[in-house]
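J.: Fold the following, please.
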Amino acid sequence: MLWLHLGMPKTGTTALQGYVQQNKAQLANVGLRYMETGRRRDEGQGRLAISHNIIAFHMNQTNQPMDTFREAMAIEYEAHRDQTCLVSSEMFYNCDLSRLAQVFAEIPSRELRITYYCRRYSDFLEADYKQRAKNGRLGGGATDYVGKLLSRIKADPGIYSFAAKLDRIRQAFPGVAIVPILYDRSQMVQGNVVDDFMSRIGVSLPNGGVAERPSNLSQSRAASEAFGIVSRALGRQASRRLRRRVVEDPVMIRRYDVLEPQERAWLDEFVASHDIAFQQEFFPERPQLFDPVELSEEDQEFRRDTAQEYEALRRASEIVFRMALEV
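T.: Here you go, the predicted model:
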């Protein structure tokens with residue numbers, strides 16, 4: 001069986017891939033083959049990449065056919081078809097799925113499974129905004145970005161809808177079983193993505209599973225925007241190095257600080273109304289796809305363009321700039 005893992009972005013994909021790569025030998029002993037096709041750089045030389053992003057880069061950067069990947073994937077799968085084979089890249093979620101399907105054209109459809117985590121719409125928007133901000137990829141402020149994106153979603157809910165994504169996957173991979181998973185840490189096996197994902201694909205982790213560890217704290221919007229200034233001034237690598245340092249100041253750690261409460265409620269309700277059939281097909285035991293967000297009193301009062309938020313950005317910027325000067 002070959003499992004094609006599409007992400008989605010911001011659902012712990014990198015943590016999963018890192019674990020699989022670092023524990024290749026132990027996982028091979030329990031039947032997992034992390035496919036090498038699509039992870040080799042420089043025509044097969046050097047260390048294997050952590051993910052299969054090389055396939056996505058090929059699709060995004062060239063119009064060349066996928067023949068080389070298809071042939072190599074078929075040969076490698078034939079040699080390891082008695083194992084649980086895994087291909088993983090969160091870039092696949094938003095790629096040209098018809099071209100991606102060409103890579104797996106020689107894998108029998110009954111031996112291919114497609115899986116991906118589905119994250120709450122508002123939580124994904126917040127995480128995606130912060131990632132873009134940290135990378136220095138946002139020109140305007142949060143209010144301008146959020147307003148334009150929500151308008152786009154209102155005009156075309158398929159931008160965020162899981163039902164729309166499911167239709168596109170089925171068109172590209174007819175006859176292939178699709179296994180979406182809800183991204184909810186409270187419901188995950190051992191509370192983390194690695195144990196949860198491996199249990200879903202039928203792989204028993206060596207040593208009983210991943211040692212329990214806290215998930216990464218969510219950096220605040222103010223911190224993300226401050227790191228974005230460093231990304232633009234000094235480069236993304238310098239910004240990433242700084243972000244690895246733990247800063248316990250409350251202004252640097254926060255959730256629910258991108259969308260205002262009424263925007264969050266509207267987004268989750270609006271897109272969920274377009275995903276009812278998806279929820280009924282894959283999660284019929286749930287009254288709704290995602291449980292309602294329970295906001296604290298402080299979070300219910302959050303507004304972006306206030307004196308408090310501008311002060312938070314000033315404080316976060318001072319912290320980040322001091323860190324940059326200390327390097």
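
J.: CA-only coordinates of the lowest-mean-pLDDT helix or strand in the chain, as CSV, when you get a sec.
T.: The helix or strand of the chain with the poorest confidence is helix 236-243; it has a mean of 89 (mean pLDDT, DSSP states H and E). C-alpha atoms of helix 236-243 as CSV (Å, rounded to 0.1, in the frame of the first residue of the first chain):
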residue,chain,number,x,y,z
ARG,A,236,14.6,34.6,6.0
GLN,A,237,17.3,32.3,7.4
ALA,A,238,18.4,35.0,9.9
SER,A,239,14.7,35.4,10.9
ARG,A,240,14.2,31.6,11.3
ARG,A,241,17.3,31.4,13.6
LEU,A,242,15.9,34.1,15.8
ARG,A,243,12.5,32.4,16.0
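
J.: contacts for it?
T.: Defining contact as CB atoms under 8 Å, 6 or more residues apart in numbering, one finds that helix 236-243 is touched by Lys134, Asn135, Gly136, Gln219, Phe227, Gly228, Val230, Ser231, Val320, Met323, Ala324, Val327. For every residue, glycine as well, the C-beta is placed using N, CA and C.

J.: Three-state assignment for Ile178, please.
T.: On the three-state scheme (DSSP: H, G, I helix; E, B strand; the rest coil), Ile178 is labelled strand.

J.: What residue, apart from its backbone neighbours, is nearest Lys10 spatially?
T.: Ala127 (4.0 Å; CB to CB, 6 or more residues apart in numbering).

J.: I'd like the distance between Glu76 and Lys154.
T.: 44 Å (CB to CB, to the nearest Å).

J.: Between the two, point out the one with more neighbours.
T.: In this view Glu76 and Lys154 are compared by other CB atoms under 10 Å, and Glu76 has more residues nearby, 17 against 13.

J.: who's in contact with the more buried one?
T.: Contacts of Glu76 (CB under 8 Å, 6+ apart): Met35, Glu36, Thr37, Cys85.

J.: cutoff 6 Å now
T.: Residues near Glu76 by CB atoms under 6 Å, 6 or more residues apart in numbering: Met35, Thr37.

J.: Provide the secondary structure category for it.
T.: helix.

J.: got a list of contacts for stretch 15-22?
T.: With CB under 6 Å, 6+ apart as the test, stretch 15-22 has contacts from Tyr34, Ile50, Ser51, Ser88, Val193, Val194, Phe197.
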